[in-house]
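Asks: Kindly return the folded structure for what I paste below:
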Amino acid sequence: MITIPPQLAENIRYWHGVDGEHWLAELDGLVPELARRWRLDVGEPFADGGAVSWVAPAGRHDGGDAVLKLYLVDLENAQEPDALAHYDGEGAVRLLEAAPGAMLLERLSPGTLLWELEDDRQACLVAAGLLRRMWKPPAQPHQFRSLAGDAARWAEEIPDVWERAGRPFERSLAELGVRLAGELAGSQGEQVVLHQDLHGGNILRSGDGWLAIDPKPLVGEREFDLASLIRDRRWAISEEIVRSRLELCSAELGLDRERMRGWAIVHALAWGIDDDGADEAMVAVARWLAQGSGFSLTPTVIAN
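Replies: I've put the predicted structure just below:
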């Protein structure tokens with residue numbers, strides 16, 4: 001029997017319901033099948049591995065160390081292997097093999113999280129350096145989803161989910177998110193393959209350096225890709241920390257601070273609310289970034 005970490009089972013059932021139950025039941029067959037196909041000696045899963053993926057160390061037939069990752073394919077992770085293949089080890093973990101819902105990755109050692117770096121400024125500079133290495137235009141043609149397309153979806157979803165969740169925060173903030181999604185999507189700069197979820201929990205130490213994991217790729221402008229880092233929860237976040245990260249990263253990467261601010265508001269609202277309610281910390285980030293920004297909070301979109 002394949003060991004399933006309790007946190008993984010809980011998260012999969014919460015996020016995927018019956019489909020998640022079926023996927024968990026299939027792991028007993030999937031892991032041995034991939035071990036045979038890729039000639040692996042698969043160990044016990046990491047207890048603190050992926051929140052919604054089964055991740056274990058694996059020895060390869062040639063003596064190399066790797067990591068086997070299995071996941072239930074959804075909208076956000078479907079193109080993770082394509083993004084890692086695009087990065088080709090530049091700023092991100094190297095993809096060794098891929099199959100639907102499964103990847104074999106290089107083993108990063110010691111593999112400690114960037115969250116363990118005490119200096120928040122230094123951690124942000126590490127993340128910014130990785131983004132600078134990863135940001136490259138996609139090959140043409142490509143199959144990645146576009147930031148413009150997701151922004152259009154978020155503009156529709158934010159007010160609908162806000163209503164279903166019982167209007168958990170002020171209408172004006174939800175409407176700001178809708179407006180910014182449309183305005184920013186239609187005025188973007190150079191298009192590159194974005195990570196979308198780069199924060200200290202998705203950056204691991206590799207030798208003397210660091211590499212990114214777990215991209216949720218989109219193609220869009222660079223300013224968007226700082227949203228997850230700006231609200232990184234390596235500590236209890238505060239307005240001071242959020243604003244400091246915004247200033248530091250915009251200066252370090254030479255990006256438009258106000259576009260970064262706007263995208264961070266949109267993304268925090270898009271990912272911070274579902275039918276069960278709002279993530280108070282993510283909504284707080286959106287609210288802090290909206291204050292004093294010049295963004296109007298006048299309600300103009302969501303009908304009564």
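Asks: Quick check: L176 touching A290?
Replies: Yes - using CB atoms under 8 Å, L176 is in contact with A290, at 5.9 Å. C-betas here are computed from N, CA, C, even on glycine.
Asks: between these two, which one's more packed in?
Replies: Neighbour count, other CB atoms under 10 Å: between L176 and A290, L176 has more, with 28 against 22.
Asks: Can you name the helix or strand that the more buried one falls in?
Replies: Take DSSP states H and E as the rule and L176 turns out to sit in helix 171-185.
Asks: Now that helix: buried residues?
Replies: 171-182, 184-185 (16 or more other CB atoms under 10 Å).
Asks: What of stretch 201-213?
Replies: Neighbour count says stretch 201-213 has 201-206, 210-213 buried, by 16+ other CB under 10 Å.
Asks: Endpoint to endpoint, that stretch covers what distance?
Replies: One end of stretch 201-213 sits 9 Å from the other (CA to CA, to the nearest Å).
Asks: all strands for the chain, in order.
Replies: For the chain, applying DSSP state E gives strands covering 40-42, 53-60, 65-71, 95-99, 102-106, 110-113, 192-194, 203-206, 209-212, 218-220, 273-274, 277-278.
Asks: Now distance to Q79 and mean pLDDT too, for these, in JSON lines please.
Replies: Converted to JSON lines, those look like this (distance: least, CB to CB, whole Å; pLDDT from 0 to 100):
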{"stretch": "strand 40-42", "distance to Q79": "24", "mean pLDDT": "97"}
{"stretch": "strand 53-60", "distance to Q79": "15", "mean pLDDT": "97"}
{"stretch": "strand 65-71", "distance to Q79": "12", "mean pLDDT": "97"}
{"stretch": "strand 95-99", "distance to Q79": "11", "mean pLDDT": "98"}
{"stretch": "strand 102-106", "distance to Q79": "12", "mean pLDDT": "98"}
{"stretch": "strand 110-113", "distance to Q79": "24", "mean pLDDT": "94"}
{"stretch": "strand 192-194", "distance to Q79": "9", "mean pLDDT": "98"}
{"stretch": "strand 203-206", "distance to Q79": "20", "mean pLDDT": "97"}
{"stretch": "strand 209-212", "distance to Q79": "15", "mean pLDDT": "98"}
{"stretch": "strand 218-220", "distance to Q79": "9", "mean pLDDT": "98"}
{"stretch": "strand 273-274", "distance to Q79": "22", "mean pLDDT": "94"}
{"stretch": "strand 277-278", "distance to Q79": "27", "mean pLDDT": "95"}
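Asks: Next, format the ones you listed as JSON lines and append distance to V126.
Replies: Formatted as JSON lines, the strands of the chain follow (distance: least, CB to CB, whole Å):
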{"stretch": "strand 40-42", "distance to V126": "31"}
{"stretch": "strand 53-60", "distance to V126": "22"}
{"stretch": "strand 65-71", "distance to V126": "21"}
{"stretch": "strand 95-99", "distance to V126": "21"}
{"stretch": "strand 102-106", "distance to V126": "19"}
{"stretch": "strand 110-113", "distance to V126": "11"}
{"stretch": "strand 192-194", "distance to V126": "18"}
{"stretch": "strand 203-206", "distance to V126": "7"}
{"stretch": "strand 209-212", "distance to V126": "5"}
{"stretch": "strand 218-220", "distance to V126": "22"}
{"stretch": "strand 273-274", "distance to V126": "30"}
{"stretch": "strand 277-278", "distance to V126": "30"}
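Asks: Which one of those strands lies nearest to R153?
Replies: strand 218-220 (11.3 Å; CB to CB).
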